[in-house]
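Undergrad: Sequence and predicted model, in that order:
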Amino acid sequence: MRRKKMDLAEPIPMETGEPMSRNKVASGIAKSMLIRSLAALMFLASIIVLAANLPFRYAFLWVMIGLIASVVIFATMFYLVVRRVREAREQREAILRRQQPGALIVHTEWNAALQEPFIREGAAPRNLDYRGFEVDLTVDEAGIQLWIGAREPYLIGSLVWKQIVLIESTSVHAVIGSHQVSALRLGVKDSDTFLPVIELIYRGNNVDEVCASLTSLWGFPPR
């Protein structure tokens, strides 16, 4: 069967003064990390000041103790961040599985530094963080639903399959470094909520497999 082509309009930029979902878990974690990082630096600085008034062998010992303690603090903070984000994602997934049993769940994210907005101006929740947020997709025979939120999923909007005109894998440049990041691209028509192109970063192992799964439900052969 021949693939459908779509006539893509130019995406309309969202005003930065109208924030698009703030992930409260991520925001809280970022503030907590900043505070703890400053505390660790102050601790290390105080150790160095204290060591400056000691004989060299004792000073060296105290500086090493300070460095080791700082590394432990930073490693602990990183572990807590990863764990809290994972727990929030697992909680959202559990809720979505209860609400839509049997649906395919795809975890993605949107980053303003890498991608164009995909929600129409005025259709986004007022507390949405225009810098970036996680997006969960639930996919079934009816279509695709897009969810945001920290621990509680919030439905942005739904798309029935006849509104989907393109499903493909792509990649975007990473914020740091020169490597590419896998992404999922959807072409959309006749939507009051979404712009014609939805491009989301995919953090899983194989974005092509996800596209094939979506395409099989869409009714067209995988690319």
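TA: That came through fine.
Undergrad: residue ranges for the helices of the chain, please.
TA: 24-52, 56-99, 207-218 (DSSP state H).
Undergrad: Going by mean pLDDT, which of the ones you listed comes out lowest?
TA: Sorting those by mean pLDDT places helix 24-52 lowest, at a mean of 60.
Undergrad: Now do the closest residue to Leu137 other than its chain neighbours against Val210, distance only.
TA: In this structure, Leu137 finds its nearest non-sequential neighbour in Val106, 4.1 Å apart by Cβ to Cβ, 6 or more residues apart in numbering. The way it works is simple: take the backbone N, C-alpha and C, and place the C-beta from them, glycine included. From Val106 across to Val210, the span is 6 Å (Cβ to Cβ, to the nearest Å).
Undergrad: which neighbours do these two share?
TA: Leu184, Tyr202, Gly204 (Cβ atoms under 8 Å, 6 or more residues apart in numbering).
Undergrad: What subset of those residues is buried?
TA: For the shared contacts of Val106 and Val210, a burial check counting by 16 or more other Cβ atoms under 10 Å picks out Leu184, Tyr202.
Undergrad: closest to Gln91 among the shared contacts of Val106 and Val210?
TA: Of all the shared contacts of Val106 and Val210, Gln91 sits closest to Gly204, with 18.5 Å by Cβ to Cβ.
Undergrad: Name all residues that make contact with that closest one.
TA: Per Cβ under 8 Å, 6+ apart, neighbours of Gly204: Val106, His107, Ser182, Val210.
Undergrad: rerun that using 10 Å as the cut-off
TA: Neighbour list for Gly204: Val106, His107, Thr108, Ser182, Leu184, Val210 [criterion: Cβ atoms under 10 Å, 6 or more residues apart in numbering].
Undergrad: can you check Ser171 too?
TA: For Ser171, the contacting residues are His179, Gln180, Val181, Ser182, Ala183, Arg185, Ile201, Tyr202, Val207, by Cβ under 10 Å, 6+ apart.
Undergrad: doesn't Gln180 make contact with the last one?
TA: The one in question is Val207. No. Using Cβ atoms under 10 Å, Val207 makes no contact with Gln180, being 11.1 Å away.
Undergrad: List the residues that are in contact with both of these two.
TA: With Cβ under 10 Å, 6+ apart as the test, Val207 and Gln180 both reach Thr170, Ser171.
Undergrad: Neighbour count for the two, which is higher?
TA: When Val207 and Gln180 are compared for neighbours, Val207 comes out ahead with 23 against 11, by other Cβ atoms under 10 Å.
Undergrad: hang on, the earlier thing: which of the contacts of Gly204 sits closest to Ile65?
TA: After measuring the contacts of Gly204 against Ile65 - Cβ to Cβ - the closest member comes out as His107, at 40.8 Å.
Undergrad: do you know how far that closest one is from Glu141?
TA: Separation of His107 from Glu141 (Cβ to Cβ): 21 Å.
Undergrad: And these two? Which one has more around it.
TA: The neighbour count for His107 versus Glu141, taken as other Cβ under 10 Å, is higher for His107 (17 against 9).
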